[in-house]
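> Need coordinates for the following:
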Amino acid sequence: MSADTRSVPASGPAGPAGPAEAADAAPARTPHPAPVFVRIKLSLLRNGLHQSTTRTAAFVTSIVLALLVAALQLLGLVLLRGHEHAEDVVLPLTALLALGWAVMPLFFPGGDETLDPTRLVMLPLRPRPLVTALLVASLVGIGPVFTLTLLLGAVIAVAHGWAGAAVAVLALPVALLLCVALARAVATANVRLLTSRKGRDLALLSGLIIAVGAQLFNLGFQKLSEPDGLSLLEPATEVLRWVPPAAAVGAVRAAGDGSYALALAQLALCGVALAGTLWWWRRSMERLMISPDSSTLQAAEPQRAGAGGDGVTGGSTGRASGARGLAALLPAGRTGAVALRSLRYAWRDPKTKVGWGASLGVGILLPVVFAVQGNGSVYNVCWAAGMLGLQMYNQFGQDSSGFWMVASTVSSARDAASELRGRLLAIAVVGVPYVVAVSLLSALLMDDWATLPEVLGLALALLGALLATGVVSSAYFAYSIPQDSGKNVAPGQGSLAYLSIFGGMLVGVVLGAPLLAATIWMHLSGAHDALWLILPAGLAYGAGLCGLALRLMAPRVADRLPEILTAVSRG
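Numbers count the residues shown, from 1 in each chain. A predicted model of the protein is given here:
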């Protein structure tokens, strides 16, 4: 008999069942949705493999690589068994693993379609069985298998005796469930963000954050590989021993040492953390499924009355456009309005934001990495100036086909000069304080305050030189940046982009050579007391180069507006 007919009262030859018999009939029990969700997850994986041969090959390759890395790490953790610093290694490793699960949905929201619970709103399921089913389904995949392998190696490394083995049997699934539940809870609580434009911008920044994290990991690994370097982890281990899910691994070590009360307390803490995470997940899911979204609500904001602007186009100056805070300090006229618009583009446009984020991140990361490695120099601050100066290149290409609105407002060389000056000012108001801050940080790390004035002067001169060459490059070597593609250069314009960037960098270094030569001469001649003059000289030299570039390129831009519009509209 099928499941659909079991709940229907049976009818015999004598007619329908009586009221008493119908009341005594047991209602059909609704099956738990967990097996169904597991089959759905497996179907999603299987159907994804059938889309193309390339995707199948990539998926199989990722599985093989993940299993290979997991097996090697498992072997390494097993070999760590009995080492005096075994706990100092596995507890931070477990904490980093949990941190990765927590931030993964924020950076890769499209990696798993089941992370979005709004897809399940129409299903007639209560939150409790839905949470259980999603939790079970989340254990299917490469990530859980990889995590389980690492956690297995972690508990093997610290388990001793029958008590440690017994606690490990409980600690392993608790730690795994806590990692998976944490990822689900974070994704559910931030699903509105992850499906919005800001969420996509955050995903674009994930590459930069991963690159910075890789450098920090490299620095940490170098420190730990030194003799007795693992002892540096002891303070962190003392703290992580009480932080779930690392506390579960710590309970295994405590039980093996005979500290049964400590092991019980650490396991109880992990159990409370798991229950709290599941409760948070359930509450977030309930609010998400009963609260309306923008697709079911009409616009609630009242219509703006009167003529006025929105702060972007409703005025001709930075002050008249309703700018507040630091934006109100921008100069009046077109220059201030263009600078404010460029800064807003840098904050809102995904590709522009990634470019700025990469420049700011790499600019401060390289001096810090070199200083920590012991082979640094205060002169590495020039990396920060160089990365920020590159933002001036291809300014019009960032507008893409929308450059026609800018071109329609440029009727003279004066208008072109104001447009270029505003774009340059937007980079300078961020770049100059940034270079100063990185210079101070480098001097602090290297404990070389005597060299700070000359280094800062050289960095500011280099920044000015690159901004000046960026003005020239934007006028003569503009290229299109596709907005709906992962590429940063339109097809057929690659050589133009390389010539613009690398040629401009080379010319910028040549322009900064006179000040560098003066610095070297002062060092060789023994005029160390006068080296502080490099700071005002570098500031004046960089500003002078920018002013000269604006004066020379403004008429060229005004004359080449059709050519620039054609070049930036190809994408």
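
> use CA for all of it now, contacts and neighbours both
OK.

> hang on, A133 packs against A34?
Yes - A133 sits in contact with A34 when judged by C-alpha atoms under 8 Å, with a separation of 3.9 Å.

> Tell me how far stretch 343-354 lies from the chain's centre.
14 Å (C-alpha atoms, centre = their mean, to the nearest Å).

> What of stretch 259-278?
32 Å.

> So which bits of it are buried?
Across stretch 259-278, burial judged by 16 or more other C-alpha atoms under 10 Å covers 260, 262-264, 266-267, 269-271, 273-274, 277-278.

> Please tell me how far L72 sits from S418.
With the distance defined as C-alpha to C-alpha, to the nearest Å, L72 ends up 60 Å from S418.

> Which one's more surrounded, those two?
Taking neighbours as other C-alpha atoms under 10 Å, L72 and S418 compare with S418 leading, 21 against 13.

> Disregarding flanking residues, what is the spatial nearest neighbour of that one?
T335 (5.0 Å; C-alpha to C-alpha, 6 or more residues apart in numbering).

> Can you tell me the SS state at that neighbour?
helix (DSSP: H, G, I helix; E, B strand; the rest coil).

> Can you pull out the low-pLDDT segments for the stretch 251-400 of the chain?
Residues of the stretch 251-400 of the chain that meet the criterion pLDDT under 70 lie in 291-327, 373-374.

> The same query, at a cut-off of 80, please.
288-329, 348-351, 353-354, 357-358, 366, 368-377, 398 (pLDDT under 80).

> ok, which stretches of it are strands?
With DSSP state E, counting those that start in this stretch, there are no strands along the stretch 251-400 of the chain.

> Show the pLDDT at L45.
On pLDDT, L45 comes in at 74.

> Am I right that it is in a strand?
No - assignment of L45 by three-state DSSP gives helix, placing it outside any strand.

> Next, count neighbours for it.
Count around L45 with other C-alpha under 10 Å applied: 15.

> same deal with E87?
26.

> show me what contacts the closest residue to it other than its chain neighbours?
Distance criterion C-alpha to C-alpha, 6+ apart; nearest residue to E87, sequence neighbours excluded, is V158 at 6.4 Å. Counting by C-alpha atoms under 8 Å, 6 or more residues apart in numbering, V158 makes contact with 81-82, 86-87, 249, 252-253, 256.

> Could you tell me which ranges of the stretch 401-550 of the chain sit under the pLDDT cut-off?
401, 482-500.

> hey, where'd the helices end up in it?
403-407, 413-446, 452-476, 494-524, 534-559 (DSSP state H, counting those that start in this stretch).

> For the one helix or strand L178 maps to, name the packing helices and strands.
Element membership of L178 [criterion: DSSP states H and E] is helix 161-189. Helix 161-189 is packed against helix 86-107, helix 127-138, helix 142-158, helix 246-256, helix 260-290, with contacts defined by 3 or more C-alpha pairs under 8 Å, 6 or more residues apart in numbering; DSSP states H and E.

> Go again with 7 Å.
Other helices and strands packing on helix 161-189, by 3 or more C-alpha pairs under 7 Å, 6 or more residues apart in numbering; DSSP states H and E, are helix 86-107, helix 142-158, helix 246-256, helix 260-290.

> elements contacting the last one?
Translated: helix 260-290. Taking 3+ C-alpha pairs under 7 Å, 6+ apart as the contact cut, helix 260-290 packs with helix 127-138, helix 161-189, helix 246-256.

> and if you look at the first one?
Using 3+ C-alpha pairs under 7 Å, 6+ apart as the contact test, the elements touching helix 86-107 are helix 142-158, helix 161-189, helix 234-240, helix 246-256.

> For the shortest one, what does the pLDDT average out to?
The reference is to helix 234-240. Helix 234-240 carries an average pLDDT of 82.

> who's in contact with that helix?
Contact with helix 234-240 is made by 88, 91-92, 246-247, as judged by C-alpha atoms under 7 Å, 6 or more residues apart in numbering.

> Check the last one too.
Applying C-alpha under 7 Å, 6+ apart, the contact partners of helix 246-256 are 91, 94-95, 154-155, 158-161, 163-164, 167-168, 171, 175, 240-241, 260, 262-263, 266-267, 270.

> Centre of the chain to stretch 157-164, how far?
Counting by C-alpha atoms, centre = their mean, stretch 157-164 comes out at 39 Å from the chain centroid.

> Using CSV, write out every CA atom in it.
The C-alpha trace of stretch 157-164 is given here as CSV (Å, rounded to 0.1, in the frame of the first residue of the first chain):
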residue,chain,number,x,y,z
ALA,A,157,48.1,13.1,18.0
VAL,A,158,46.9,13.9,21.6
ALA,A,159,45.0,10.7,22.6
HIS,A,160,46.7,8.5,25.2
GLY,A,161,45.2,5.6,27.1
TRP,A,162,41.7,4.2,27.1
ALA,A,163,40.3,7.4,28.6
GLY,A,164,41.7,9.6,25.8
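
> And the closest residue to A95 other than its chain neighbours, how far from W279?
Setting aside the residues directly before and after it, A95 is nearest to A246 in space (C-alpha to C-alpha, 6+ apart), at 5.6 Å. In this view, A246 and W279 are 20 Å apart by C-alpha to C-alpha.

> S439 now?
47 Å.

> what about the two, which has more around it?
S439 (27 against 15).

> I'd guessed that one sits against L456; true?
Yes - here S439 lies in contact with L456, judged by C-alpha atoms under 7 Å, at a distance of 6.4 Å.

> Tell me the buried residues in stretch 359-373?
For stretch 359-373, by 16+ other C-alpha under 10 Å, it's 359-371.

> so I564 touches A478, yeah?
Yes - using C-alpha under 7 Å, I564 is in contact with A478, at 6.2 Å.

> rewinding a little: quick one: which of the contacts of helix 234-240 is nearest G386?
P92 (36.2 Å; C-alpha to C-alpha).

> Pull the number of nearby residues for that closest one.
19.

> can you check W521 too?
Per other C-alpha under 10 Å, the neighbour tally for W521 reads 12.

> which residues sit in contact with it?
No contacts exist for W521 under C-alpha under 7 Å, 6+ apart.

> again, only this time at 10 Å
Going by C-alpha atoms under 10 Å, 6 or more residues apart in numbering, W521 touches 515, 527.

> again with G143
63, 66, 101, 149, 180.

> quick one on the thing from earlier: determine which stretch of the helices and strands packed on helix 86-107 is the most buried.
Ranked by mean neighbour count, the helices and strands packed on helix 86-107 are led by helix 246-256 with a mean of 30 (mean count of other C-alpha atoms under 10 Å).
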